[in-house]
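Chemist: For reference, the sequence and a predicted model appear below.
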Amino acid sequence: MLILSRKTSESIVIDGRIHVKIVRVEGDVVKIGIEAPTDVPVHRQEVYEEIQRNNQQAAVRPTAPLPRLVTTKKPVVAPVFKGIKP
Amino acid sequence: MKCNCIETEPPVAVAASNVRLPMGLLGFERMKDYFLIANPEEEPFGWLKAKGDASIAFVVLNPFLIVPDYHPDIPQTDVEFLGLKSAEDAMVLNIVTVHKHGQATMNLKGPIVINRNTGVGKQVVIANGADYSVQHPLLVSEGAN
C-alpha cells in the first residue's frame, strides 16, 4: 500500500485522471473529495463489499422453485430523487 | 422441470427486455448486457440474466410490492448518469437471495435502477442505505404452490 501524508486542501492524483482531495479534517473524521471520470465507480469500501457479497450470494442459482410471496396491495410510491419533481 | 437457462431468445410466453448496465453489478463489473425476463408462472419475481453467460442470473423483484413506502434516495450523479428526468422514468428492481430452506431476502441498500425509456440501468448505492437492510426478509406464504 502506498502511504502518503497530506494536509487539508492537498490532493493526490491517480492514473492521471482520478483526483483525491482532503477537504476537511474534524477530529478523526476526514472529509475526502473525489473527482473521477463517470465510468470509474467510487464507493465506501464496507458498503461496496457488503453489496458485492450479497450479489455473489444471490447469483447462485436456486435449485428449488421460487417461493410464493406475501405481497402488499397498497399503492406504489415513486423513488426519491433530489431536485426532481415526483 | 422447467429450464431456466437462456442462451438464445426466451420462449414467446415469457416477456423479455434488454437491459444495459454500463457499470455492471458490484462484483460483476464485466457483465454489462442482460435480459430482464418476466415469466408469469414465477410472478412477482423476474430474472436478470447475463447475455452470453447463463451462469450469471439474478432473481429480481419490484420492492414496492413488499415495502410500499421504500424511498431509496438516488444520488444526483446516478440520476444524471441514467438520464432520469422524472421518477416515472425509473424502474426499480432489487436483487433477491434465495437461502436454504426456501427463505428469501431482498437487497434494499443497492437497488438496480433502470431508465424505462433507454433500458440503461445501474446498481445504485442509495444515499439512505443506513435505513435499509441488504437482506430484507420476504414473507413466504404458507401452503402448497
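Modeler: Great, that's in hand.

Chemist: what residues are up against B:Gly83?
Modeler: Neighbouring residues of B:Gly83 by CB atoms under 8 Å, 6 or more residues apart in numbering or on different chains: B:89, B:115, B:117-118, B:120. Bear in mind the C-beta positions are built from the backbone N, C-alpha and C, glycine included.

Chemist: Buried among those residues? Make that a PyMOL selection.
Modeler: The following PyMOL line selects those of the contacts of B:Gly83 that are buried, judged by 16 or more other CB atoms under 10 Å in any protein chain shown:
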select buried, chain B and resi 89+115+120
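
Chemist: Save the contacts of B:Gly83 as a markdown table, and put in secondary structure too.
Modeler: Below are those laid out as a markdown table (DSSP: H, G, I helix; E, B strand; the rest coil):
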| residue | secondary structure |
| --- | --- |
| B:Asp89 | helix |
| B:Asn115 | strand |
| B:Asn117 | coil |
| B:Thr118 | coil |
| B:Val120 | strand |
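
Chemist: Sort out which one of the contacts of B:Gly83 lies nearest chain A for me.
Modeler: For the contacts of B:Gly83, the residue nearest chain A by CB to the nearest CB is B:Asp89; the value is 9.2 Å.

Chemist: Please name the residues that touch that closest one.
Modeler: By CB under 8 Å, 6+ apart, the residues touching B:Asp89 are B:82-83, B:115-117.

Chemist: Repeat that for A:Ala36.
Modeler: Residues near A:Ala36 by CB under 8 Å, 6+ apart: A:17-19, A:42.

Chemist: And it, how far from A:Asp15?
Modeler: The gap separating A:Ala36 from A:Asp15 is 9 Å, by CB to CB, to the nearest Å.

Chemist: ditto for B:Ala87
Modeler: 36 Å.

Chemist: and if you look at B:Pro22?
Modeler: 19 Å.

Chemist: Can you pick out the residue with more neighbours from the two?
Modeler: B:Pro22 (14 against 8; other CB atoms under 10 Å in any protein chain shown).

Chemist: ok, now which ones touch the residue lying closest to the more buried one once chain neighbours are set aside?
Modeler: Closest residue to B:Pro22 apart from its sequence neighbours, by CB to CB, 6 or more residues apart in numbering or on different chains: B:Lys32 at 6.0 Å. Applying CB under 8 Å, 6+ apart, we find B:Lys32 in contact with B:20-24.

Chemist: Sketch out the low-pLDDT regions of chain A for me.
Modeler: Residue ranges of chain A with pLDDT under 70: A:62-63, A:73-86.

Chemist: Tell me which stretches of it form strands.
Modeler: For chain A, the strands defined by DSSP state E occupy A:11-14, A:18-26, A:29-35, A:80-81.

Chemist: any weak-confidence spans in chain B?
Modeler: For chain B (pLDDT under 70), the answer is B:1-13, B:142-145.

Chemist: mind running it again at 80?
Modeler: Across chain B, the ranges flagged by pLDDT under 80 are B:1-15, B:101-102, B:141-145.

Chemist: B:Val60: neighbour count?
Modeler: Count around B:Val60 with other CB under 10 Å applied: 26.

Chemist: Tell me the secondary structure at it.
Modeler: Secondary structure assignment for B:Val60 (three-state DSSP): strand.

Chemist: re earlier: which one of the contacts of A:Ala36 is nearest to chain B?
Modeler: Nearest member of these to chain B, counting by CB to the nearest CB, is A:Val42, at 9.7 Å.

Chemist: Not counting sequence-adjacent ones, nearest residue to that closest one?
Modeler: Spatially, and ignoring its direct neighbours in sequence, A:Val42 is nearest to A:Ile34 (5.2 Å; CB to CB, 6+ apart).
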